[in-house]
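Q: Structure for the following, please:
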Amino acid sequence: QTNIDPIIFERMKYTAAIICSAASAAAFSPAAKGRAFSGTALFSDPNQNPFAAFGSGASLEYQGGDDPNNANYVKLTDALQEADTERRKAKDEADKRERAAEIRREERMRKIAYMENMPDSTPVGTVNEFMFKEGVQEQLDKLDFDLVGLVPVKKRVKEIAALLVLDKMRRKLKFETAVPSLHMSFTGAPGTGKTTVAVRMGQILAKMGYSRRGHVILATRDDLVGQYVGHTAPKTKEMIKKAMGGLLLIDEAYYLYNAANDRDYGQESIEILLNVMENNQDDLVVTLAGYKDRMDKFFSYIPGMMSRIGNHIDFPNYLPDELTKIASVMARELEYDIDQQAYMVFQQYIEKRMELPYFSNARTVRNAMDRARMNAAIRVFEQYAIRGENGGFCTVEDLKAIRSQDFQILLDDILYSDASKRIFA
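A: So this is what the prediction gives:
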């Protein structure tokens, strides 16, 4: 034991109490972080401090605890400042929208005033001038020249062209206009000219300025729908990217939807197409093609697709006379000469072939013409190369002629072949 002066002892007790109080306050004060107590105000001279022998160190500082949510706490001033920034941004956006609406109102008032004050003698041009100047009439003439029959289809195409021409005339006078819905549905059997009409429509839209490029991209389910999760969206978007600025023709579009399988990936492709048809209708025309009964069923499953298509065109089957004319068009393009007797045999063949399965209108005619050309080639080869007639020399007429016997071979295949082989005739 050590003898301590009572007065010094009392002073030491008083000093210890002050130090403990200060340490307790520092434990809950962030401002005290990193600060150490090296002395007290009671001892200006370190030599007079009875605790100087114990040295100095960090106080009982608040370390934030081990709560993982501490990082989410912010100062009130910071929170108020952030909220004020968001409020200013929202106000700026609202002001921009209001200004844009005001600009649209002013533009509309200017158009109304322009139309009210416009003299009747203001030149705008005639419909014929627009039809020829823009090249629309040329495309319609090509449609008439290349396609036989299809009167309802040609009529509808001309109606769409008329809408585009009149809309452009209104634009020239600064009338209020809107881009019409140009998405189309082509229904009909194979070989009825759906692809050809789509190509012509793409060129007409390009001539009128409703399409940047006017090209046509043909797609099927295999081009749009993937085989596993995450594969469909990139494939569909890639085809849409290729068709942008033109026309996307989806053949047999009803195969995109499989009602028997809720997990079929085709639904994802349809959703992407619906979104593009709505938001990019000024830069892409989507045309769906297929059999009429199946397309009607497809639209019943996807009503959103039906409502986005403004032009439904049905392609009827060709008649035998029209198919014979199609054969003459093909012969003209390939520079072949077909006499009247040969056309009569060809029409008999077509009438019989239409009674058999898998008839495909103009495609069947094309296949028949290819077989007739082959038969003509075999006939000329045997006549001049094998038998050596005329010293082996054939004439230009021989090379260009398709005769009745060349079509008779096709007709005989139907009349005299086994029932199971007639469809290959």
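
Q: how near is D223 to D282?
A: 24 Å (C-beta to C-beta, to the nearest Å). Backbone N, C-alpha and C define where each C-beta goes, glycine included.

Q: quick one: the closest residue to V229 other than its chain neighbours and N275, what's the gap?
A: Nearest non-adjacent residue to V229, counting by C-beta to C-beta, 6 or more residues apart in numbering: Y265, 7.8 Å away. Counting by C-beta to C-beta, the gap from Y265 to N275 is 16 Å.

Q: Can you pick out the residue with more neighbours from those two?
A: Y265 (22 against 12; other C-beta atoms under 10 Å).

Q: how near is that one to N375?
A: Counting by C-beta to C-beta, the gap from Y265 to N375 is 46 Å.

Q: any idea which element the most centrally placed residue in the chain lies in?
A: Centroid-nearest residue in the chain, with C-alpha atoms, centre = their mean: I240, separated by 3.9 Å. Using DSSP states H and E, I240 maps to helix 232-243.

Q: Pull out the buried positions in that helix.
A: Judged by neighbour count (16 or more other C-beta atoms under 10 Å), helix 232-243 contains these buried residues: 232, 235-236, 239-240, 243.

Q: What of stretch 284-300?
A: 284-290, 295, 298-299.

Q: now stretch 344-354
A: Applying 16+ other C-beta under 10 Å to stretch 344-354 flags 345-350, 352-353 as buried.

Q: Helix or strand with the lowest mean pLDDT in this structure?
A: strand 36-37 (a mean of 46; mean pLDDT, DSSP states H and E).

Q: where in the stretch 201-350 of the chain is pLDDT low?
A: By pLDDT under 70, the stretch 201-350 of the chain has no low-scoring segment.

Q: residue ranges of the strands in it, please?
A: Using DSSP state E, counting those that start in this stretch, the strands of the stretch 201-350 of the chain run over residues 216-219, 247-251, 285-290, 311-315, 337-338.

Q: how about the closest residue to H312 other than its chain neighbours, secondary structure?
A: What sits nearest to H312 in space, not counting adjacent residues and going by C-beta to C-beta, 6+ apart, is S185, at 4.7 Å. Put simply, S185 is strand when judged by DSSP: H, G, I helix; E, B strand; the rest coil.

Q: tally of neighbours for S185?
A: 23.

Q: Looking at D223 and D282, which one has more neighbours?
A: D223 (16 against 12).

Q: residue contacts, that one?
A: 235, 239 (C-beta atoms under 8 Å, 6 or more residues apart in numbering).

Q: try the one 4 residues further on
A: For Q227, the contacting residues are Y265, by C-beta under 8 Å, 6+ apart.

Q: For it, what are phi and psi?
A: phi -110, psi -10 (degrees, to the nearest 10).

Q: I'd like to know how many residues surround G230.
A: 9.

Q: could you measure it against Y265, distance?
A: Counting by C-beta to C-beta, the gap from G230 to Y265 is 10 Å.

Q: List the contacts of the residue nearest to L319 when sequence neighbours are not counted.
A: With C-beta to C-beta, 6+ apart as the criterion, L319 has its nearest non-adjacent residue at 7.2 Å, and that residue is G149. Contacts of G149 were listed using C-beta under 8 Å, 6+ apart, and they are 316, 318-319, 322, 325.

Q: Can you check what pLDDT the model gives G149?
A: Per-residue pLDDT puts G149 at 84.

Q: who are the neighbours in contact with S211?
A: Contacts of S211 (C-beta under 8 Å, 6+ apart): 202, 205, 245-247, 285.

Q: ok so, going back, excluding sequence neighbours, find me the nearest residue to the residue nearest to the centre of the chain.
A: V276 (5.6 Å).

Q: from memory that neighbour sits against L284, does it?
A: Yes: with contact defined as C-beta atoms under 8 Å, V276 reaches L284; the gap is 6.3 Å.

Q: what touches both of the two?
A: Common neighbours of V276 and L284 (C-beta under 8 Å, 6+ apart) are I240.

Q: Any idea how many residues pack against D251?
A: So D251, with other C-beta under 10 Å, has 19 neighbours.

Q: okay but it is in contact with T287, surely?
A: No: in this structure D251 lies outside contact range of T287 using C-beta under 8 Å: 9.4 Å.

Q: rewinding a little: distance to R371 for the buried residues of helix 232-243 - can I get that in a markdown table?
A: Converted to a markdown table, the buried residues of helix 232-243 look like this (distance: C-beta to C-beta, whole Å):
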| residue | distance to R371 |
| --- | --- |
| T232 | 40 |
| K235 | 37 |
| T236 | 39 |
| M239 | 35 |
| I240 | 39 |
| A243 | 35 |
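
Q: just to revisit the earlier point, tell me the one among the contacts of G149 nearest to A362.
A: If you rank the contacts of G149 by distance to A362 using C-beta to C-beta, Y318 comes first, at 6.8 Å.
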